[in-house]
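> I'd like to go over a predicted model; first the sequence, then the structure.
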Amino acid sequence: MTAPVRKIISQSTVDGPGNRTAIFLQGCNIRCSYCHNPETQAMEDAEASERTVPEVVEEIRKSIPFIRGITVSGGECMLRAEWLKELFTAVRHLSDETGHFLTCLIDSNGTVPFSSHRPLMDVCDGVMLDVKAWDSVIYQRLTQSANNRIVKDNLTWLLQEDKLTEVRIVCVPEMVDVEVILNNIAQIYGFIGKSAPIKLIRFRPHGVIGALSAYPVTSEEAMNHYISIAESLHLPVRKG
Ligand code: SF4
């Protein structure tokens, strides 16, 4: 089995906790107007190469002394769930073989139901989940996708299963309903009695070619406003 790998960063400090090998797969099922990786959106691209799991594991092996684990991102890597399961299983074997435990994380837009992929989740240590909007009309405007129900269901399910590593919200004033997202997450955290870190990401237009390419950088004042709302809701929040 192969998956289209766009690039591998052998050591990244921005793709999850600690130093990690980050693997970016080609292909996404939504079209965010603020996407910073638009080159990964097409399901096929000449810059991506079909890679087997053993090939990728050999790349990971080179970085073992320096990394805490791997993160698979995209595009949307959950479109390749079977390949992911094979990769994470192989990384567990690599951990056993080397005695250096590596965690396996997924960075996802949340449009594929994780509950339908139990065998994958058994070998996955956690998910960094994008919540792009709470209101479905705003979500559609941002992503050209009509339904964010699956994203919300994933948030609840991952939290219940202790697989929610982080929630990521890109903050774009007047375009993203950040306050509504935070209020709803606070309700879900309270209802389930568990929580996971929330990263509020400042929007920057650099590299964006979608509808928000001319939109300004989110101000420090706006970011502080969102942080104060999150803190007032007792959410574990940080700026990114
Ligand atoms: S989910 Fe990520 S890769 Fe896909 S369009 Fe949105 S920002 Fe880009």
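That came through, no problem.

> Look at N37 and report its pLDDT.
With respect to pLDDT, N37 scores 88.

> Contact partners for it?
Shown in contact with N37 (CB atoms under 8 Å, 6 or more residues apart in numbering): 24, 74-75, 207. In short, each C-beta sits where N, CA and C put it, glycine included.

> Tell me the one among those nearest to Y34.
Set against Y34, the nearest of the contacts of N37 by CB to CB is G207 (9.7 Å).

> Which of the three states applies to that closest one?
What DSSP: H, G, I helix; E, B strand; the rest coil gives for G207 is coil.

> ok, it - how many residues close by?
Residues within reach of G207, counting by other CB atoms under 10 Å, total 12.

> ok, now which ones touch the residue nearest to it when sequence neighbours are not counted?
Nearest residue to G207 in three dimensions, chain neighbours excluded: H36, at 4.8 Å (CB to CB, 6 or more residues apart in numbering). When contacts are counted by CB under 8 Å, 6+ apart, H36 touches 206-208.

> Tell me if H36 really is in a helix.
No: counting by three-state DSSP, H36 falls outside a helix, being coil.

> Distance-wise, check it relative to R68.
Noted for H36: a distance of 24 Å to R68, by CB to CB, to the nearest Å.

> for K7, same thing?
20 Å.

> can you tell me if the lengthiest strand in the chain touches the ligand.
Using DSSP state E to define each element, the chain has its longest strand at strand 2-12. No: against the ligand, strand 2-12 shows no contacts by CB under 6 Å from any ligand atom, the least distance being 10.1 Å.

> Helices along the protein, start to end?
Assigned by DSSP state H, the chain shows helices spanning 53-63, 81-98, 118-122, 136-143, 149-160, 178-192, 220-232.

> and the angle for the fifth one with helix 178-192?
Interaxial angle, helix 149-160 versus helix 178-192 (axes from the mean of the first three to the mean of the last three CA atoms, to 10 degrees): 40 degrees.

> Run through the residues of this protein sitting next to the ligand.
Residues of the chain lying close to the ligand by CB under 6 Å from any ligand atom are 28, 30-32, 35, 37, 40-41, 74-76, 109.

> Considering those, which possesses the most neighbours?
G75 (28 neighbours).

> Test my guess that that residue contacts R31.
No: with contact defined as CB atoms under 8 Å, G75 does not count as touching R31 (11.6 Å).
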